[in-house]
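Asker: pasting the sequence and the predicted coordinates here, then a few questions.
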Amino acid sequence: MNQNETKIAVAVIGAGHAGIEAALACARMGLETVLFTMSLDAVGNMPCNPSIGGTGKGHLVFEIDALGGEMGKAADAVTLQSRTLNLGKGAAVHSKRIQADRRRYQTVMKHTLERTERLRLIQAEVVDIRTAEDGAGGKRIDAVVTHLGEVWRCDAAIICSGTFLDSRVFVGDVNYPAGPDGMLAATGLSEALRREGISLMRFKTGTPARVKKQTIDLDALEVQPGEEEITPYHMGNDEHLFDAMEQIPCHIVYTTPRTHEIIRENIHRSAMYGGHIHGTGPRYCPSIEDKVTRFADKPRHQLFVEPMGEETEEMYIQGFSTSLPTDVQIEMLHSLKGFDRAEIMRYAYAIEYDCADPTQLAATLEFKQISGLYGAGQFNGTSGYEEAAAQGLVAGINAALKLRGEEPMILTRSNSYIGTLIDDLVVKGTNEPYRMMTSRSEYRLLLRQDNADQRLTPIGYRVGLISEEAYARFLDKMRCQEEECARLEATHVSPAVANGLLASLGEPTVVTGVSLADLLRRPQISYAALSAIDPDRPVLSRRSRMTVEVTVKYAGYMKRQLAEVARHAKMEDMRLPTDLDYTSIRGLRMEAAQKLARIRPLTLGQASRISGVNPADISVLLVYLGRK
């Protein structure tokens, strides 16, 4: 090595939510890791909404925590308000969302990185990657190069570039090279990736204006308080952590006919509708001009007014994202109730950026054509902090496992939303920024927030991210839950006792003795309601009570889903050779052969989910594998 070269194990490019989890995982698993960031002041930045969680996303945060990641722990430390969404629906779709203190979140995450052994945090832009022959006719990662000319030789590199790659900001007919929040764009790495044969796509996202709190008439808005009982994300935190906290309220406001009129009159001045933006935007988080255009029959749209932190006057207007010019933004804002004197502190903008086609990745998030190179987060075509952190954690774990010579960690659709997210990306690909939702999982009754640790903590323990002490607490919790489920099944009450409870709840009575579990399976009876006739019940945590209730109440449905998982497991266990020549298989359609050759599924189950591969093609593959 020359004087300007340094040897490390892992280089992580980008210190957003994906890069943080990737770097922490690698360092905590014993590897010398360097985390590069364009700016130390942007570590863990939340350039869009100041929140963690939400529908489907809350599940991801609990799963990250269950595997030993950091996001949930940091979110608990900076919570301003917490709400559980979808409480009017079944437990499978209950999703926690917190308002976060944006700057405190950055401070907590940066300090965590700084205190982690074997981890260096360096402000530098990575502008190039270098590869070498891997000895098997392919390529492997060899080094990353910074804008200062430093060469960091590495055995693995993880690209977590977020929305910075060749990024461009748009406000009306004004556009210029920039990253989010006015940061510098990363201008060199895209060309290096193309040179190495990596296919890139162009995506777009956006963010609303930030408004000065003192200029909003909050009394004119609908108040949205937090929930009374807050369950922490981090399983190591006491469940009463937030009992004495005074939550900061959010507010709700609605667009008006005048708002829609202003947008329609100026739609031609929008960067998106004016033809300036060519990247694809997120379907499930559209700009306000897109909403007004696509849903022309709706008289109004709901907006949420959310705090950015305790020590700032900036307020975030969720749902008001736009790329319209500044004068139109002001006029739109003043058309809202309570905002007639509102002052904008940061203007809304759209941002376009490069990202990779995720079908180039294996389920480990390693590039198929370059050994040791991984991708995570918005670089893989996703949207959202939670999706990014989940991928960063998986990429970091797998990079560390590979360098330690151990088997990779591949999460499945049946054991996690993270597995569903990654499977969707690497098998199906995406033509727009991908967002996790509970509807994307066919096993959502099994993949609830309350049982994330039950599903994933043994895996986190196996790879070395869950401590012995934490794992012992987890095992004790699992034992208590199993014992309580068994006790409810075995404990019977007389008709008189049961009927007294049922009558008080307006439920049909019984004529024979029943078990507590039988009563709990009735739709209107909760585990808490049973306490009136169950004085000997053990003391359980909120999460454990939810797990016990759902396990007993939906036992029949869950048994059917588990049977479905078992049926599909046969196809998931049938491995496909990575060097299989699909064009040589008789009976396989040319379209299917081309799709299979490009994506290179690991299993027959993955092959069955590829767009353009039909059941007849799978039957041909089954026959072929049978002959082999």
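Answerer: All right, it came through fine.
Asker: please count neighbours and contacts with C-alpha atoms only from this point.
Answerer: Fine.
Asker: wait, what's in contact with residue 577?
Answerer: residue 602 (Cα atoms under 8 Å, 6 or more residues apart in numbering).
Asker: so what pLDDT did it get?
Answerer: Residue 577 is assigned 89 on the pLDDT scale.
Asker: buried sites along stretch 406-418?
Answerer: 408-409, 411-418 (16 or more other Cα atoms under 10 Å).
Asker: same check on stretch 295-314?
Answerer: Those would be 300-301, 303-309, 313-314, for stretch 295-314 by 16+ other Cα under 10 Å.
Asker: which residue ranges of the stretch 301-450 of the chain form strands?
Answerer: 302-307, 314-318, 344-346, 349-356, 370-371, 373-375 (DSSP state E, counting those that start in this stretch).
Asker: and the third one, which strands flank it?
Answerer: Yep, that's strand 344-346 we're talking about. With DSSP bridges as the test, strand 344-346 is paired with strand 210-212 (antiparallel).
Asker: run the chain-centre distance for the partner strand.
Answerer: Relative to the centre of its chain, strand 210-212 is centred 27 Å away, using Cα atoms, centre = their mean, to the nearest Å.
Asker: likewise for stretch 204-222?
Answerer: Relative to its chain's centre, stretch 204-222 lies at 25 Å (Cα atoms, centre = their mean).
Asker: same deal with stretch 577-597?
Answerer: So, by Cα atoms, centre = their mean, the centroid of stretch 577-597 is 33 Å from its chain's centroid.
Asker: how about stretch 123-139?
Answerer: 28 Å.
Asker: check which element follows the lengthiest helix in the chain along the chain.
Answerer: If you go by DSSP state H, the chain has its longest helix at helix 468-490. Using DSSP states H and E, the helix or strand that follows helix 468-490 towards the C-terminus is strand 492-493.
Asker: pLDDT weak spots in this protein?
Answerer: 1-3, 274, 276, 284 (pLDDT under 70).
Asker: and with 80 instead?
Answerer: 1-3, 272-285, 511, 628 (pLDDT under 80).
Asker: find the residue at the geometric middle of it.
Answerer: The centroid of the chain falls nearest to residue 387 when counting by Cα atoms, centre = their mean (2.3 Å).
Asker: can you tell me how far it is from residue 280?
Answerer: Residue 387 is 18 Å from residue 280, where distance means Cα to Cα, to the nearest Å.
Asker: now, the buried residues of stretch 406-418 that are in helices?
Answerer: Per DSSP H, the subset of those in helices is 417-418.
Asker: now the buried residues of stretch 406-418 in JSON lines, with distance to residue 546?
Answerer: Formatted as JSON lines, the buried residues of stretch 406-418 follow (distance: Cα to Cα, whole Å):
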{"residue": "408", "distance to residue 546": "32"}
{"residue": "409", "distance to residue 546": "28"}
{"residue": "411", "distance to residue 546": "24"}
{"residue": "412", "distance to residue 546": "24"}
{"residue": "413", "distance to residue 546": "23"}
{"residue": "414", "distance to residue 546": "20"}
{"residue": "415", "distance to residue 546": "19"}
{"residue": "416", "distance to residue 546": "18"}
{"residue": "417", "distance to residue 546": "19"}
{"residue": "418", "distance to residue 546": "22"}
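Asker: which one of the buried residues of stretch 406-418 is nearest residue 167?
Answerer: residue 418 (27.0 Å; Cα to Cα).
Asker: so who does that closest one touch?
Answerer: 60, 63, 387, 390-391, 411-412.
Asker: so of the residues you listed, which two are at opposite extremes in space?
Answerer: The widest separation within the contacts of residue 418 (Cα to Cα) is 15.5 Å, between 387 and 412.
Asker: show me where the stretch 101-250 of the chain has strands.
Answerer: Secondary structure of the stretch 101-250 of the chain (DSSP E, counting those that start in this stretch): strands at 119-123, 126-133, 139-146, 151-153, 156-159, 168-171, 174-177, 200-207, 210-212, 222-224, 250-254.
Asker: ok, back up a step: ranking the strands of the stretch 301-450 of the chain by burial, who's on top?
Answerer: Ranked by mean neighbour count, the strands of the stretch 301-450 of the chain are led by strand 373-375 with a mean of 28 (mean count of other Cα atoms under 10 Å).
Asker: for residue 67, give me phi and psi.
Answerer: When read as degrees, to the nearest 10, the backbone of residue 67 gives phi -80, psi -10.
Asker: before we move on, back to that, as TSV, the strands of the stretch 301-450 of the chain with distance to residue 476 would be great.
Answerer: Listed next are these as TSV, based on distance: least, Cα to Cα, whole Å:
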stretch	distance to residue 476
strand 302-307	39
strand 314-318	41
strand 344-346	49
strand 349-356	43
strand 370-371	40
strand 373-375	36
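Asker: mind checking which of the ones you listed is nearest residue 23?
Answerer: Of all those, strand 373-375 sits nearest to residue 23, with 12.2 Å by Cα to Cα.
Asker: and for the closest one, what's in contact with it?
Answerer: 140-141, 156-160, 361, 365-367, 392, 395, 399.
Asker: check stretch 56-70 too.
Answerer: Under Cα under 8 Å, 6+ apart, the answer for stretch 56-70 is 21, 24-25, 52-53, 71-73, 93, 95-97, 233-235, 386-387, 389-390, 393, 416-418, 436-438, 448-449, 452-453, 456-457, 459-461, 465-466.
Asker: again, only this time at 6 Å
Answerer: 72, 95-96, 233-234, 386, 390, 436-438, 449, 452-453, 456-457, 460, 465-466 (Cα atoms under 6 Å, 6 or more residues apart in numbering).
Asker: and residue 215, how many neighbours does it have?
Answerer: Residue 215 has 15 neighbours, counted by other Cα atoms under 10 Å.
Asker: how about it: what's its closest non-neighbour residue?
Answerer: residue 342 (4.7 Å; Cα to Cα, 6 or more residues apart in numbering).
Asker: quickly note the distance from the one you found to residue 248.
Answerer: Taking Cα to Cα, one finds residue 342 at 20 Å from residue 248.
Asker: cool, and residue 206?
Answerer: 26 Å.
Asker: ok, now residue 101?
Answerer: Relative to residue 248, residue 101 is positioned 11 Å away (criterion: Cα to Cα).
Asker: quickly find the element holding residue 461.
Answerer: Judged by DSSP H and E, residue 461 forms part of helix 452-463.
Asker: got the angle for that helix vs helix 468-490?
Answerer: Here the directions of helix 452-463 and helix 468-490 differ by 140 degrees (axes from the mean of the first three to the mean of the last three Cα atoms, to 10 degrees).
Asker: what's the burial count for residue 102?
Answerer: 25.
Asker: scratch that, residue 251 is what I was asking about
Answerer: Close neighbours of residue 251, defined as other Cα under 10 Å, add up to 18.
Asker: ok, it touching residue 225?
Answerer: No: applying Cα atoms under 6 Å, one finds residue 251 not in contact with residue 225, separated by 8.1 Å.
Asker: what about residue 278, how many neighbours?
Answerer: 12.
Asker: for it, give its distance to residue 354.
Answerer: In this view, residue 278 and residue 354 are 11 Å apart by Cα to Cα.
Asker: now swap in residue 493 and tell me
Answerer: Counting by Cα to Cα - residue 493 and residue 354 are separated by 64 Å.
Asker: please apply the same query to residue 561.
Answerer: Residue 561 is 39 Å from residue 354, by Cα to Cα.
Asker: residue 212 now?
Answerer: Residue 212 sits 32 Å away from residue 354, going by Cα to Cα.
Asker: ok, back up a step: which among the contacts of strand 373-375 count as buried?
Answerer: 140-141, 156-160, 361, 365-367, 392, 395, 399.
Asker: ok, which pair from these is furthest apart?
Answerer: Most distant of the buried ones among the contacts of strand 373-375, by Cα to Cα, are 140 and 392, 19.9 Å apart.
Asker: can you give me the helices in the stretch 251-400 of the chain?
Answerer: In the stretch 251-400 of the chain, the helices defined using DSSP state H, counting those that start in this stretch lie at 257-265, 288-294, 326-334, 385-403.
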